[in-house]
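Participant: Can you look at this prediction? I've put the sequence above it.
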Number of protein chains: 2
Amino acid sequence: MPHGAVSYHFHGKQELLIAAALVTFERAFPVAGLRSLDGVTDLLDTIAAMIADPKAFDSVLAGVSMEAMRESERDAEVREHVAALLREYRVRIAELVRADQDRGAIPADSSTAGVATVLAAFADGLILHALVDPDLDVGEAVESLRTVLAR
Amino acid sequence: MPHGAVSYHFHGKQELLIAAALVTFERAFPVAGLRSLDGVTDLLDTIAAMIADPKAFDSVLAGVSMEAMRESERDAEVREHVAALLREYRVRIAELVRADQDRGAIPADSSTAGVATVLAAFADGLILHALVDPDLDVGEAVESLRTVLAR
């Protein structure tokens, strides 16, 4: 690709890297993928499978996504973009929680939005910890959260 | 401080920065602080208060800690150190879970280690998300997790 084509679209290396990080973030955690899920059990299975399977768990993809979140501290545009993405995930996860509440799999008196925020934070925290400690028992944690949510 | 004193202890800037990051990490999340807590409700209150109170929430401290976890990808020594710290947190959190189970505040059939991993991942994920999105309803999430754990 000619250098001019790149410099026409991006004003400097930082802007190019940020665009690449945001695309990677959306690829690592596709919102569209969440749409095909059936409920919270499906979501937790997906998270566990993603982290536990070395082939499915792209630590580069996950790592760049964590960096993109951290880069939010330094760049207002990244922050807005990542915050909007996180909100989109939470809204979609809340739909899964609501579906489970409607079919009685999760008690109806739980706060739908609250449980969605718990699930989103848990998923990203677990990815963060699994990247640091490959021996972390991801399956046991996912099973524990599934159990307490259904109770 | 004379330059010689610094270069005597640290072999290069990277080693100095890593030592500083690890000290910051331990300061941001003191294991000793966990020892003074009484149970999971205490822990969740502490997390919520830390994130929600702008004065108590040192985003620089929290940010450096997140960077230290991310630096684990690039530096085996940092990874071992941070992984050992995370294990220490989980062991201490498991003691809080066990105390709650003994007094009947959390059902005894929950996996103690599993719930501890859920709490540790949730806490760090929530900090990560709150750093990106200051409008995140941290209190609602903490309350939701408290409710489902006690059920």
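Facilitator: The structure has been received and is ready for your questions.
Participant: Could you double-check that residue A:24 sits in contact with residue A:68?
Facilitator: Yes. Using C-beta atoms under 8 Å, residue A:24 is in contact with residue A:68, at 7.1 Å. All C-beta spots, glycine's among them, are computed from the backbone N, C-alpha and C.
Participant: Looking at those two, which one has more neighbours?
Facilitator: A side-by-side neighbour count of residue A:24 and residue A:68, using other C-beta atoms under 10 Å in any protein chain shown, places residue A:68 first with 26 against 19.
Participant: For the lengthiest helix in chain A, buried residues please.
Facilitator: The longest helix of chain A (DSSP state H) is helix A:76-102. Going by neighbour count (16 or more other C-beta atoms under 10 Å in any protein chain shown), the buried part of helix A:76-102 is A:78-79, A:81-83, A:85-86, A:89-90, A:92-101.
Participant: Can you sort out which of the residues you listed also neighbour chain B?
Facilitator: For chain B, the contacts drawn from those by C-beta under 8 Å from any C-beta of the partner chain are A:79, A:82-83, A:86.
Participant: pLDDT and distance to residue B:73 for those - can I get that in a markdown table?
Facilitator: Formatted as a markdown table, those follow (pLDDT from 0 to 100; distance: C-beta to C-beta, whole Å):
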| residue | pLDDT | distance to residue B:73 |
| --- | --- | --- |
| A:79 | 88 | 22 |
| A:82 | 87 | 19 |
| A:83 | 91 | 24 |
| A:86 | 91 | 21 |
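Participant: Got phi/psi on the one residue sitting closest to the centre of chain A?
Facilitator: For chain A, the residue nearest the mean C-alpha position is residue A:29 (4.9 Å; C-alpha atoms, centre = their mean). Dihedral pair for residue A:29: phi -130, psi 70, per degrees, to the nearest 10.
Participant: any idea how far residue A:150 lies from chain B?
Facilitator: For residue A:150, the distance to chain B equals 9 Å [C-beta to the nearest C-beta, to the nearest Å].
Participant: circling back: same list (the ones next to chain B among the buried residues of helix A:76-102) but as CSV, adding distance to residue A:59.
Facilitator: Putting these into CSV (distance: C-beta to C-beta, whole Å) gives the following:
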residue, distance to residue A:59
A:79, 24
A:82, 19
A:83, 24
A:86, 20
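Participant: Tell me the one of these nearest chain B?
Facilitator: residue A:83 (4.1 Å; C-beta to the nearest C-beta).
Participant: what pLDDT does the closest residue in space to that closest one that isn't next to it in sequence get?
Facilitator: The shortest distance from residue A:83 to any non-neighbouring residue, by C-beta to C-beta, 6 or more residues apart in numbering or on different chains, is to residue B:133 (4.1 Å). What the model reports for residue B:133 is a pLDDT of 89.
Participant: burial measure for residue B:133, as a count.
Facilitator: Residue B:133 has 20 nearby residues by other C-beta under 10 Å.
Participant: Please enumerate the helices of chain A.
Facilitator: With DSSP H, the ranges of helices along chain A come out as A:3-9, A:13-28, A:31-35, A:40-52, A:59-71, A:76-102, A:112-132, A:138-150.
Participant: Determine which of these shows the lowest mean per-residue pLDDT.
Facilitator: Among the helices of chain A, helix A:59-71 scores lowest, at a mean of 75.
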